[in-house]
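Peer 1: Sharing a model prediction with you, sequence too.
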Amino acid sequence: MIVIPPITDRKIRFALVGCGRIANNHFGALEKHADRAELIDVCDIDPAALKAAVERTGARGHASLTDMLAQTDADIVILTTPSGLHPTQSIECSEAGFHVMTEKPMATRWEDGLEMVKAADKAKKHLFVVKQNRRNATLQLLKRAMQEKRFGRIYMVNVNVFWTRPQEYYDAAGWRGTWEFDGGAFMNQASHYVDLLDWLIGPVESVQAYTATLARNIEVEDTGTVSVKWRSGALGSMNVTMLTYPKNLEGSITILGEKGSVRVGGVAVNEIQHWEFSEPHAMDEEIKDASYATTSVYGFGHPLYYDNVIKTMRGEATPETDGREGLKSLELLIAMYLSARDGRRVSLPLDY
């Protein structure tokens, strides 16, 4: 475990690179923690995006990451850039002596993810991987039910991500829909749902996947399905498409066990739609309060994720999702792509 002197006499200082779509969630989260954190630098190669970020946050603007690292006195650098850029940027930040917080997925290649963890370890710095969906109230309640072993033995698990991304979405940025910088429906849009397979259910034994590019003019898949076998013996599947007509329809997980059945659905696992166990528990009273309305598939977990990062830097907590935890879902993703490419079942852990 990395032992880092806590910061208790001032606010935790953040710098952010990549002022695009998801950056606004980070700006909003930091604004909610203004008593303990501050954003002091932002960076983007797009002058318009950089200007908008500077105007919103009041942070200093930089046109390149290297220049920003040379000038900033931030503690943590946030990476909200295209996924394929995360490895080189994360390693550069670690080697320059900064902690790193990277958006999902942490990398698009397995080897790159490993190198990111090694670089942070060598620099004795934290590598935080954003998994904000874990912090949503519905999934926190489900996680507690799993920890209390209320299901007994798990028999079957099904995850659905039925969303839509029109061609204009991919055309809006050249990196979207590419293997090098983005990854497909599994890697990008559904990566938080892939994370649930291990975080909630446990270690996966093997996967068998199919992917297809059915309607979008992109390099990667817009649709896919995967069969999953867990080491516990449980079986399940995950179905993903970005072609749902006419708008985002469902992001759900259903768990069927020996002593319980649960379905968390809605557009983005924001509604507990079925909750039934053989034995009552005090947490059952929290079901109605856990469900929430959402206008965004991102949910409301970013501020809660930041709370853990800030507490970790202050010496009050340990990281909920560090680089090694991030590798678990990356390994699952790579196994799915290998299976789809080669037409075979892929066992985990991967050879490395």
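Peer 2: Ah, there it is.
Peer 1: Just the C-alpha atoms of the helix-or-strand element of the chain with minimal mean pLDDT, please, in CSV.
Peer 2: Every helix and strand in the chain was compared by mean pLDDT, DSSP states H and E; the lowest is helix 287-290, with a mean of 92. Written as CSV, here are the backbone C-alpha positions of helix 287-290 (Å, rounded to 0.1, in the frame of the first residue of the first chain):
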residue,chain,number,x,y,z
ILE,A,287,-35.9,1.0,-1.4
LYS,A,288,-38.1,3.9,-2.1
ASP,A,289,-35.5,6.5,-1.1
ALA,A,290,-32.8,4.8,-3.1
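Peer 1: Could you name the helices and strands sitting against that helix?
Peer 2: Contact partners of helix 287-290 among helices and strands, from 3 or more Cβ pairs under 8 Å, 6 or more residues apart in numbering; DSSP states H and E: helix 137-147, strand 271-277. C-beta here means a position set from N, CA and C on the backbone, and glycine is covered the same way.
Peer 1: most neighbours per residue, which of those?
Peer 2: Greatest average neighbour count among the helices and strands packed on helix 287-290 goes to helix 137-147 (a mean of 18), per mean count of other Cβ atoms under 10 Å.
Peer 1: Can you name the element that comes right after that one?
Peer 2: Using DSSP states H and E, the next helix or strand after helix 137-147 towards the C-terminus is strand 154-162.
Peer 1: For residue 193, which of the helices and strands packed on helix 287-290 is the nearest?
Peer 2: helix 137-147 (10.5 Å; Cβ to Cβ).
Peer 1: Give me the residues contacting the closest one.
Peer 2: Residues from elsewhere that reach helix 137-147 (Cβ atoms under 8 Å, 6 or more residues apart in numbering): 133-134, 151, 196, 199-201, 253, 255, 260, 262, 264, 269-272, 277, 281, 283, 286-287, 289-292.
Peer 1: export the helix or strand harbouring residue 255 as PDB, just CAs?
Peer 2: For residue 255, the host element (DSSP H and E) is strand 250-257. The C-alpha trace of strand 250-257 is given here as PDB (Å, rounded to 0.1, in the frame of the first residue of the first chain):
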ATOM      1  CA  GLU A 250     -32.700   0.900 -20.300                       C
ATOM      2  CA  GLY A 251     -29.700   0.400 -18.100                       C
ATOM      3  CA  SER A 252     -30.400  -2.500 -15.800                       C
ATOM      4  CA  ILE A 253     -29.100  -5.400 -13.800                       C
ATOM      5  CA  THR A 254     -31.200  -8.400 -12.700                       C
ATOM      6  CA  ILE A 255     -29.900 -10.900 -10.000                       C
ATOM      7  CA  LEU A 256     -31.600 -14.200  -9.300                       C
ATOM      8  CA  GLY A 257     -30.500 -16.100  -6.300                       C
END
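Peer 1: which strands and helices sit next to that strand?
Peer 2: Identification of packing neighbours for strand 250-257 by 3+ Cβ pairs under 8 Å, 6+ apart yields strand 154-162, helix 191-196, strand 260-265.
Peer 1: now do 10 Å
Peer 2: helix 137-147, strand 154-162, helix 191-196, strand 235-241, strand 260-265, strand 271-277 (3 or more Cβ pairs under 10 Å, 6 or more residues apart in numbering; DSSP states H and E).
Peer 1: Give me the mean pLDDT for the helix or strand following the second one.
Peer 2: By that I understand strand 154-162. Proceeding N to C from strand 154-162, the next assigned helix or strand is helix 167-171, under DSSP H and E. Per-residue pLDDT values over helix 167-171 give a mean of 97.
Peer 1: go on, stretch 146-164?
Peer 2: Averaged over stretch 146-164, pLDDT sits at 98.
Peer 1: Any buried residues in that stretch, and which?
Peer 2: For stretch 146-164, burial by neighbour count (16 or more other Cβ atoms under 10 Å) applies to 146, 150-151, 154-155, 157-164.
Peer 1: tell me which of those residues is nearest to residue 61?
Peer 2: Nearest to residue 61 among these, counting by Cβ to Cβ, is residue 163 at 32.9 Å.
Peer 1: What about the nearest residue to that closest one once chain neighbours are set aside, how many residues nearby?
Peer 2: Leaving out its chain neighbours, the residue that sits closest to residue 163 by Cβ to Cβ, 6 or more residues apart in numbering is residue 248, at 4.4 Å. By other Cβ atoms under 10 Å, the residues close to residue 248 number 17.
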